[in-house]
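Chemist: Here you go, sequence then predicted model.
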Amino acid sequence: MASSIVVRMSTDTVTHRLGYARERTLSTHSINTTQREAWYWLVVLRDRSP
């Protein structure tokens, strides 16, 4: 159980860091390109997965 939490936190961290490195923002108020929208949905779907 504890290892799955660590894996989940690690993948969430990597996803957010990659998104920030690429777009220089994590704001959901500035989704105005297809690429930003793709990152947004990646994070949303990742968050909803078990």
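Modeler: Yes, it's here. Residues are numbered from 1 along each chain as shown.
Chemist: For the residue nearest the centre of the chain, which non-adjacent residue is spatially closest?
Modeler: For the chain, V43 is the residue whose C-alpha lies nearest the centre (Cα atoms, centre = their mean; 3.5 Å). Nearest non-adjacent residue to V43, counting by Cβ to Cβ, 6 or more residues apart in numbering: T15, 5.9 Å away. Any C-beta I mention is one placed from the backbone N, CA and C, and that applies to glycine too.
Chemist: Beyond the helix or strand that that neighbour is a member of, next helix or strand please.
Modeler: Per DSSP states H and E: T15 is located in helix 2-23. Using DSSP H and E, the next helix or strand after helix 2-23 towards the C-terminus is helix 34-48.
Chemist: Kindly calculate the angle that that next one makes with helix 2-23.
Modeler: 170 degrees (axes from the mean of the first three to the mean of the last three Cα atoms, to 10 degrees).
Chemist: May I see the buried residues of helix 34-48?
Modeler: R36, W39, V43 (16 or more other Cβ atoms under 10 Å).
Chemist: Out of those residues, flag the one nearest to S10.
Modeler: Closest approach to S10 among the buried residues of helix 34-48 (Cβ to Cβ): V43, at 14.6 Å.
Chemist: And the closest one, how far from A2?
Modeler: Distance, V43 to A2, using Cβ to Cβ, to the nearest Å: 23 Å.
Chemist: Quick check: which ranges of the chain have low pLDDT?
Modeler: 1, 49-50 (pLDDT under 70).
Chemist: Kindly recompute the last result at 80.
Modeler: 1-3, 23, 26, 28, 46-50 (pLDDT under 80).
Chemist: Only the buried residues of the helix holding T15, if you could.
Modeler: Result for helix 2-23 [16+ other Cβ under 10 Å]: buried residues G19, E23.
Chemist: Could you pull up the contacting residues of Y20?
Modeler: By Cβ atoms under 8 Å, 6 or more residues apart in numbering, Y20 lies in contact with L26.
Chemist: quick one: contacts of stretch 21-38?
Modeler: Taking Cβ under 8 Å, 6+ apart as the rule, stretch 21-38 contacts H16, G19, Y20, W39, Y40.
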